[in-house]
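Peer 1: structure for the following, please:
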Amino acid sequence: MTTTSTSTPTTTAEALAMPRQPLLHDEVVVLAAPTQAWSDRHGTVGTNPVHGYWTGDQRFVSRVGVTIASTDVEPVSTAPADAREVVFSALLRGLDAPGADPDVRLDRRRRVRTDGVAETLRITDRTGGGPGSVGSAAGTIEVTVRISPDASGMDAVKGGGGPAPVPAALAPQAGPDGGIRASWTAGSVEVTLGAPGADVSLDDGDVVLTWRVPRDRVVEVGWDCSVVAPDAVVTGATTPAPFAAPAGVGDDRLRRWLARATDDLDALRLARPEGEFLAAGAPWFFTLFGRDSIWAARFLLPVDTSIAGGTLRVLAALQGARTDPATAEQPGKVMHELRQATLAIDNDELTLPPLYYGTVDATALWVCLLHDAWRAGLPDAEVEALLPALERALAWMRDHGDDDGDGLLEYVDETGRGLANQGWKDSGDSVQWRDGTLAEGPIALCEVQGYAHEAAVHGADLLDAFGRSGGADWRAWAARLAERFREAFWVRDEVGPYPAIALDAAKRPVDSATSNIGHLLGTGILSPEEEAVVAARVVAPDMASGFGLRTLSTTAAGYWPLSYHGGTVWAHDTAVVISGLVRSGHGTEARVLAEQLLAAAVAFDFRMPELHAGDAATEVSRPAPYPAACRPQAWSAAAAFPVWVALR
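Peer 2: Numbering: from 1, shown residues only. Next up is the predicted model:
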């Protein structure tokens, strides 16, 4: 993922004044990519900077206030219907008749579509405004909703910025409902707000909806915000989901996780002309990410190949064709992320272009996905159409991925404005020595060598199967890579030997023990004996928390259970390792980590966040959330499927 780095304030006043990324762990989201709506757990929109209605990277509503008959709205429950819909229930006790039982209930239903957000307020009154009830004059209830139009960009809000109000206009509402509608423009997004039966007005920049309705046993009012985004680089998928949760799962925990994950993945589907793929995650990554979309599609292969096919075609259509340091594009390279506009990170310390190629691993992973999808049943015609892209991707590994010709793939940001680290752990402090100091680049990550080895061997298999030349050359290239890896990467600590996370600029092995080593399993770059060593290490207590695999061993000086890439647990990371353990024949270890990840899924009510704390299960009954973690996230949701495979 594209992360934020940490700028160190020099004084307490500076620390207090620093804008901070919003915390998400207690907030509620409903989504139908590319649209999402965020609120607090009671349904209130506007008490957290991330709140509001969004489409893609654009917010179009920042606040929604609800007032009913001037009485308090007292929340009692939140009930998600599915990823797209939630109902917030509350009491309106200011309207109650005398007595202990509540008489008047409010159910606020929020439903998100790919092109908008609709909300309904349903007031149920068991007295129906009859004798003894309390209410406004002449048996009516006044319902007022204030909606704040907004034009904040995702990057500004993620950086701690506030709302960016925009003016709205009123016009007669077309269609059978009549009335007045409001409209405004948020960035390039055109927004239309309709509210049947409401008086619509403007007040201090807000759109005010007012209904005066007869008090009855059931009263219902609502509004609908629809959006048109003419410049969107991705669109919502409107076809039925091509995948489903597997049937016949006996473990109720796993069954519930698979059901929730499948629903979330359906809501994360996006499309481009070449096909459908999975958005990386809400709220910050609601778009195409090469690495994330590839891993999510790969996890889904036991139940579906169509998302893999769409992902492969979309990424092939954007494959690099020239050398451009400003975007990190190179011929044959698979992109990192796609946005509608330039993305500023860390208050403009970093800026990523709309189509950014700053990833060292997505190209090899694209080849691995193509091979695995073919083995899983992707039609030969679809595979054959992608073989030219396969050949270009393989050539990138040789001609550009190994920039210094040492036989290993490495990365470095040439501009100083892009990502300093370009593997999946892309935060600024993710590659560190065991003593906590940071490694200097160019960096050669261990897992990237494994991906490249697997891509070369399996790419060769594809070339052979479809009668194309080059297979023998790529197998020889992979053999040389494996030998170079064996010579350069292995280190030792008090627990035993293991591969270093990386080689630094001086080709020294960076000696911290990390989850990265588990990604080597099943890639073919390790011997069976070496795989057994790694398999044992990833389930050792310094690595396995009891709730999944830590990103960094507790033996490292930089370990901290809430460090983004330095001690937390990422569901997808653990799932990659589980898959590798299964493929390398280490079923017992795979089941250990699968059970740990399943325990975490239970703790998070089966919607796995992007990451969680690396707390030991021997010390806590459930892991602490990482407060800024995205959820749902495609590869975290899809992690349920490797767990299912391991536990079958």
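Peer 1: how is the protein divided into domains?
Peer 2: 27-32+35-228, 235-647 (automatic domain parsing).
Peer 1: weakest of the ones you listed by average pLDDT?
Peer 2: Here the lowest mean pLDDT among the domains of the chain goes to domain 27-32+35-228, at a mean of 93.
Peer 1: what's the end-to-end length of that one?
Peer 2: End-to-end distance of domain 27-32+35-228 (C-alpha to C-alpha, to the nearest Å): 26 Å.
Peer 1: check the offset of that domain from the chain's centre.
Peer 2: 27 Å (C-alpha atoms, centre = their mean, to the nearest Å).
Peer 1: what of stretch 239-256?
Peer 2: 20 Å.
Peer 1: need the contact list for the spatially most central residue of the chain.
Peer 2: Centroid-nearest residue in the chain: Gly281, 2.2 Å away (criterion: C-alpha atoms, centre = their mean). Neighbouring residues of Gly281 by C-beta atoms under 8 Å, 6 or more residues apart in numbering: 1, 268, 292, 610, 630-636. From N, CA and C alone the C-beta is placed, and that goes for glycine too.
Peer 1: check Ala328 too.
Peer 2: By C-beta under 8 Å, 6+ apart, the neighbours of Ala328 are 336, 356-359, 413-415, 418, 422.
Peer 1: try it again with 10 Å
Peer 2: Residues near Ala328 by C-beta atoms under 10 Å, 6 or more residues apart in numbering: 320, 335-336, 352-353, 355-360, 411-415, 418-419, 422.
Peer 1: show me the contacts for Ser201.
Peer 2: So Ser201 contacts 170, 180, 182, 207-210 (C-beta under 10 Å, 6+ apart).
Peer 1: for those, which one is nearest Val569?
Peer 2: Of all the contacts of Ser201, Val207 has the smallest distance to Val569: 43.1 Å, by C-beta to C-beta.
Peer 1: next, count neighbours for the closest one.
Peer 2: Each residue near Val207 was counted by other C-beta atoms under 10 Å, and the total is 28.
Peer 1: partner strands of the strand or helix carrying it, with direction?
Peer 2: Applying DSSP states H and E as the criterion places Val207 in strand 206-214. As defined by DSSP bridges, the strand partners of strand 206-214 come to strand 140-149 (antiparallel), strand 199-203 (antiparallel).
Peer 1: and these, which is most packed in?
Peer 2: A comparison of these by mean neighbour count, using mean count of other C-beta atoms under 10 Å, puts strand 140-149 on top with a mean of 20.
Peer 1: tell me the helix or strand right after it.
Peer 2: Downstream of strand 140-149 (by DSSP H and E), the next one is helix 154-158.
Peer 1: and that next one, what does it pack onto?
Peer 2: strand 52-55, strand 58-68, strand 343-345 (3 or more C-beta pairs under 10 Å, 6 or more residues apart in numbering; DSSP states H and E).
Peer 1: now these in CSV, please, with extra columns for distance to Ala100 and mean neighbour count.
Peer 2: Converted to CSV, those look like this (distance: least, C-beta to C-beta, whole Å; neighbours: other C-beta atoms under 10 Å):
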stretch, distance to Ala100, mean neighbour count
strand 52-55, 38, 28
strand 58-68, 22, 22
strand 343-345, 54, 19
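Peer 1: identify the residues contacting the closest residue to Ser39 other than its chain neighbours.
Peer 2: Once flanking residues are discounted, Ser39 sits nearest to Val45: 4.6 Å by C-beta to C-beta, 6 or more residues apart in numbering. Val45 makes contact with 28, 37-39, 51-53, 61-66, 110, 117, 119, 147-148, according to C-beta under 10 Å, 6+ apart.
Peer 1: let's see it at 6 Å
Peer 2: Counting by C-beta atoms under 6 Å, 6 or more residues apart in numbering, Val45 touches 39, 51, 63-64.
Peer 1: identify the bridge partners of it.
Peer 2: Beta-bridge partners, per DSSP bridges, of Val45: Val64.
Peer 1: so for stretch 38-56, what gets flagged as buried?
Peer 2: 38-40, 42-46, 48-56 (16 or more other C-beta atoms under 10 Å).
Peer 1: just say helix, strand or coil for the spatially closest residue to Pro19 that is not a sequence neighbour.
Peer 2: In space, and not counting its chain neighbours, Pro19 is closest to Gly160: 2.8 Å by C-beta to C-beta, 6+ apart. Following DSSP: H, G, I helix; E, B strand; the rest coil, the label given to Gly160 is coil.
Peer 1: measure Gly160 to Asn48 for me?
Peer 2: 11 Å (C-beta to C-beta, to the nearest Å).
Peer 1: chain center to stretch 445-452, what's the gap?
Peer 2: 23 Å.
Peer 1: tell me the helices in the stretch 401-550 of the chain, going along the chain?
Peer 2: Here the stretch 401-550 of the chain has its helices, by DSSP state H, counting those that start in this stretch, at 446-465, 471-488, 528-538.
Peer 1: and among the ones you listed, the most buried is which?
Peer 2: Among those, highest average neighbours (mean count of other C-beta under 10 Å) belong to helix 446-465, with a mean of 24.
Peer 1: run the angle between that helix and helix 471-488 for me.
Peer 2: If you take axes from the mean of the first three to the mean of the last three C-alpha atoms, to 10 degrees, helix 446-465 sits at 160 degrees to helix 471-488.
Peer 1: does anything pack onto helix 446-465? Which helices or strands?
Peer 2: helix 362-376, helix 471-488 (3 or more C-beta pairs under 6 Å, 6 or more residues apart in numbering; DSSP states H and E).
Peer 1: may I see those helices organised as a markdown table, with distance to Ala502 added?
Peer 2: Supplementary listing: the helices and strands packed on helix 446-465 in a markdown table, determined by distance: least, C-beta to C-beta, whole Å:
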| stretch | distance to Ala502 |
| --- | --- |
| helix 362-376 | 16 |
| helix 471-488 | 10 |
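Peer 1: so which of the ones you listed comes closest to Arg392?
Peer 2: helix 362-376 (9.0 Å).
Peer 1: I figured Val450 hits Leu521, correct?
Peer 2: I think there's a mix-up here, since residue 450 is Gly and not Val. No: checked against C-beta atoms under 6 Å, the pair Gly450 and Leu521 is beyond contact range at 8.2 Å.
Peer 1: hmm, back to that, closest to Pro75 out of the strands paired with strand 206-214?
Peer 2: Closest among these, using C-beta to C-beta: strand 140-149, at 16.8 Å.
Peer 1: list the contacts of the closest one.
Peer 2: Counting by C-beta under 6 Å, 6+ apart, 61-69, 136, 166, 168, 184, 206-215, 221 sit against strand 140-149.
Peer 1: the same query, at a cut-off of 7 Å, please.
Peer 2: Applying C-beta atoms under 7 Å, 6 or more residues apart in numbering, the external contacts of strand 140-149 come out as 60-69, 121, 123, 135-136, 163, 165-166, 168, 184, 186, 191, 193, 205-215, 219, 221, 223.
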